[in-house]
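K.L.:
what follows is a predicted structure for the sequence shown.
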Amino acid sequence: MEAFLCLLVALCLCCEAVYPSRLIKAVWGQGMSTRTEKMLEEIRRRFALISADIEMDNKSSLFDRNSHMERYFKQVLNAVYETNLVSTNLGISNYPAIDLKDAVGRIAYQVTATNTKQKITNTIKTFFEHELEKEIDTLNFLILRNIQGPKISSGTQGNVDWEVITISDLSRIIADIDDEKHIAEIHQIVMVEYIVETLGTVGVRTGAPYNLTTIQRLLDQIGFDPKSEFNEIGTFEKEIESFVKELADLTTEQRTVLYELLLRCKTVPHDHKTVYISSKLVSVQFTEQENLVIGSLIDLDLIRVDQEFTADRYDSEKVALLLRYPSDVEVNIFAELKKFAGNDPDLLQKMIISLNFKCLTL
């Protein structure tokens, strides 16, 4: 047996001089399948594309994509590390130094495109000023650009360990996972949740791909009677299809802002039509660039401005933005999708940004 092992090692050493090292891994049974290698390459390419998009946005002083990136990488990180990170940026944040938090695991992330030493040190300072060390033991920085990181990449302060990783580092971490099923799960999230907009040969954007088959769960939620309201159901199904196609024709930037609006909007109880947010709240929670995007959505008639809005007879008049989509069956698709998603922002994101409506199928 010992002689056989020596012969096998010698054979591997000879092969290494002629063939790629991958062959040696195959001999020992440790190599990844071609399918897995392809998935890892697709993950690497997708991260490189994201990095390039972020780089271009920042050069143009456009930062609206960053909030979408927080939610995107929340799902990626949860899949990689099997954590339960949630966003801290819904509404008015109580966590100025962090974007994602796992309360049970006592782990937090800041997702940022800025990798200067000053950015890192200022964030750590803010972290301790707000006494977040009482809730968090590990603070990680995920840098969204593949550029040389800051001179400080890890450290400890008090009882808190912190580390800086780039999007390229994350790709290598995924490649080191020795579980093909786990990699496949990560690949699914990486590829589906970040939609790449397609450009035609002359640079004209075509509609983004979408996943819409049946909407029975939404029909059940609304309460259509399949017998007496057969025609209404057919009309609504056509309206949903038109709605999704219109979303697909928007840019990722527009869909992201629309998602953010819908996430923060209020609805009126027992009302299938009203989805609103006060203009005052929009001015506080949305950037100047995002307000320009909101203006484009108003031009497309996806949003209407009501100068004298009241939610009920007890409410004082206010200027409000109403999310609406024309319907002959007196149902607001925005309201129904928000109700369907409930308290799950990721599900709402899948529909509005990623255009994945598979969840509506029984």
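P.N.:
Thanks, I have the structure now.
K.L.:
helices of the protein, start to end?
P.N.:
Using DSSP state H, the helices of the chain run over 2-18, 22-28, 34-59, 65-81, 117-129, 167-175, 180-193, 216-222, 230-248, 252-264, 279-285, 288-299, 333-341, 345-352.
K.L.:
any stretches of this structure with poor pLDDT?
P.N.:
Scanning the chain for pLDDT under 70 picks out 1-33, 57-67, 90-94, 146-152, 193-207, 272.
K.L.:
for the residue minimising distance to the centre of it, give its distance to Asn78.
P.N.:
Taking C-alpha atoms, centre = their mean, the centroid of the chain lies closest to Tyr72, which sits 2.6 Å from it. Distance from Tyr72 to Asn78, counting by C-beta to C-beta, to the nearest Å: 11 Å. (Glycine included, C-beta is placed from N, CA and C.)
K.L.:
same question, Thr126
P.N.:
24 Å.
K.L.:
more crowded one of those two?
P.N.:
The neighbour count for Thr126 versus Asn78, taken as other C-beta atoms under 10 Å, is higher for Asn78 (18 against 15).
K.L.:
how much space is there between the more buried one and Ile240?
P.N.:
From Asn78 across to Ile240, the span is 30 Å (C-beta to C-beta).
K.L.:
ok, Ile173 next?
P.N.:
Distance of Ile173 to Ile240, given as C-beta to C-beta: 40 Å.
K.L.:
between the two, which one's more packed in?
P.N.:
Ile240 (23 against 12).
K.L.:
count of residues packed around the residue nearest to the more buried one when sequence neighbours are not counted?
P.N.:
Nearest non-adjacent residue to Ile240, counting by C-beta to C-beta, 6 or more residues apart in numbering: Ile215, 5.6 Å away. Look at Ile215: counted by other C-beta under 10 Å, it has 23 neighbours.
K.L.:
ok, Arg324 next?
P.N.:
18.
K.L.:
quick one, what contacts the residue nearest to Leu250 when sequence neighbours are not counted?
P.N.:
Leaving out its chain neighbours, the residue that sits closest to Leu250 by C-beta to C-beta, 6+ apart is Leu258, at 7.2 Å. Residues near Leu258 by C-beta atoms under 8 Å, 6 or more residues apart in numbering: Leu247, Leu250, Leu297, Leu302, Leu323, Ile352.
K.L.:
go again with 10 Å.
P.N.:
Leu258 makes contact with Leu247, Leu250, Val293, Ile294, Leu297, Leu300, Leu302, Ile303, Leu323, Phe334, Ile352, Ile353, according to C-beta atoms under 10 Å, 6 or more residues apart in numbering.
K.L.:
many thanks, I have nothing further to ask.
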